[in-house]
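Undergrad: Any chance you can model this:
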Amino acid sequence: MELNLKNKNVLVWGASQGIGLAVAKSFKSEGASVTVVSRSKEKLEKVCKQNNLDHFITADLTNIEQGISSIEKAIELMGSIDIFVINTGGPEKNPFENVEQSQWKLDFNSLWLTPCESLKKILPLMKKQNFGRVLLVSSIAAKEPLKDLTTSNGFRAGLAGLFKSMSNEYAEFGITFNILCPGYTNTERIQNLNLKQEVIESLVPTKRLGEPEELANLATFLGSEKAAYITGQQICIDGGANRGF
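TA: Residues are numbered from 1 along each chain as shown. Alright, predicted model coming up:
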């Protein structure tokens, strides 16, 4: 299927490894111009060279000003942003009684305020060009709370409501908002948990971890013109791990 992404400019946050990098590579393979953002200049230089990615910007996405600055720099580098992939990683694991005020603030900035304030810079441009794709890499925690992921469970569920509201507000301008909800995916974070196969099988009906590329394939389709009629959706890429409807 031809996705017509050759003249599109894509900005991917959190793209020095894992899901973010897989998404960046997938868009690049379709001919898009791709700018990636992460904290580590060393990692970004390496992945850009290895994967022929166009530009990189270093930014700490828990810092609102740095998030906004990454948007401004990306526009300078590419001229515009057609597709914005928001991927700011997973918060620290804690039960409610152990969540300190500092964690609430840090995670709220990373998951909520930095993306929202950055979108204010992007959406006027997308409106002018009558095209835009906003993709949020979230988690199945947005649909089914996971044990001890208190801040993630709360903020991600709220973002689903926000994206639904924004999808209605911007639909007439050709801008779509969709949320990707990965389950247990073969990233460094999951690898560090050293989950045994029997544990994976108890959590995931397909009895395996997902691969970052499987989410990236969907992200690339949703970023294309072919997905113009899909907006305001939360889609799980989880091998059936989410048991709800």
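Undergrad: What are the boundaries of the strands in the chain?
TA: With DSSP state E as the criterion, the chain has strands at 9-13, 33-38, 55-58, 83-86, 132-137, 175-182, 233-237.
Undergrad: Now that we have those, can you turn them into TSV and tack on mean pLDDT, distance to Ile75 and mean neighbour count?
TA: The way it works is simple: take the backbone N, C-alpha and C, and place the C-beta from them, glycine included. Below are the strands of the chain laid out as TSV (pLDDT from 0 to 100; distance: least, Cβ to Cβ, whole Å; neighbours: other Cβ atoms under 10 Å):
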stretch	mean pLDDT	distance to Ile75	mean neighbour count
strand 9-13	98	9	29
strand 33-38	98	10	27
strand 55-58	98	11	20
strand 83-86	98	11	27
strand 132-137	98	13	25
strand 175-182	97	16	24
strand 233-237	96	27	19
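Undergrad: can you pull the contacts of Met83?
TA: Residue 83: Ile, not Met. By Cβ atoms under 8 Å, 6 or more residues apart in numbering, the residues touching Ile83 are 8-11, 27, 32, 132-135, 223.
Undergrad: Give me the distance between the two termini of stretch 125-136.
TA: 19 Å (Cα to Cα, to the nearest Å).
Undergrad: ok, and what's touching that stretch?
TA: Against stretch 125-136 from outside (Cβ under 8 Å, 6+ apart): 23, 75, 80-86, 115, 119, 122-123, 159, 163, 166, 170, 173-180, 219, 222-225, 227.
Undergrad: Stretch 95-114 too?
TA: So stretch 95-114 is contacted by 61-64, 67-68, 88-89, 91-92, 94, 148, 150-152, 155-156, 158-159 (Cβ under 8 Å, 6+ apart).
Undergrad: swap the cut-off to 10 Å and go again
TA: Contact with stretch 95-114 is made by 13-14, 59-68, 70, 86, 88-92, 94, 115, 117, 136, 138, 147-156, 158-159, 162, as judged by Cβ atoms under 10 Å, 6 or more residues apart in numbering.
Undergrad: Can you turn the buried part of those residues into a ChimeraX selection?
TA: Here is the ChimeraX command that selects only those of the contacts of stretch 95-114 that count as buried (16 or more other Cβ atoms under 10 Å):
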select :13,14,59,60,61,62,63,64,66,67,68,70,86,88,89,90,91,94,115,136,138,149,150,151,152,153,154,155,156,159,162
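Undergrad: hmm, back to that, tell me the one of the contacts of Ile83 nearest Asp238?
TA: Leu135 (16.5 Å; Cβ to Cβ).
Undergrad: all helices of this protein, in order?
TA: 18-29, 41-51, 64-78, 101-108, 114-129, 150-170, 188-191, 197-203, 212-222 (DSSP state H).
Undergrad: tell me what the worst-scoring helix or strand of the chain on mean pLDDT is packed against?
TA: Ranked by mean pLDDT, DSSP states H and E, the weakest helix or strand in the chain is helix 188-191, scoring a mean of 76. Applying 3 or more Cβ pairs under 10 Å, 6 or more residues apart in numbering; DSSP states H and E, we find helix 188-191 packed against helix 18-29.
Undergrad: Give the rounded mean pLDDT of the helix it packs on.
TA: Helix 18-29 shows a mean pLDDT of 97.
Undergrad: Tell me how far stretch 211-218 lies from the chain's centre.
TA: 12 Å (Cα atoms, centre = their mean, to the nearest Å).
Undergrad: let's have the chain start at 58 instead
TA: Sure thing, new numbering starts at 58, so read that last one as stretch 268-275.
Undergrad: Would you enumerate the residues in contact with the closest residue to Glu271 other than its chain neighbours?
TA: Nearest non-adjacent residue to Glu271, counting by Cβ to Cβ, 6 or more residues apart in numbering: Ile294, 6.0 Å away. Neighbouring residues of Ile294 by Cβ under 10 Å, 6+ apart: 76, 194, 197, 237-240, 242, 267-269, 271-276.
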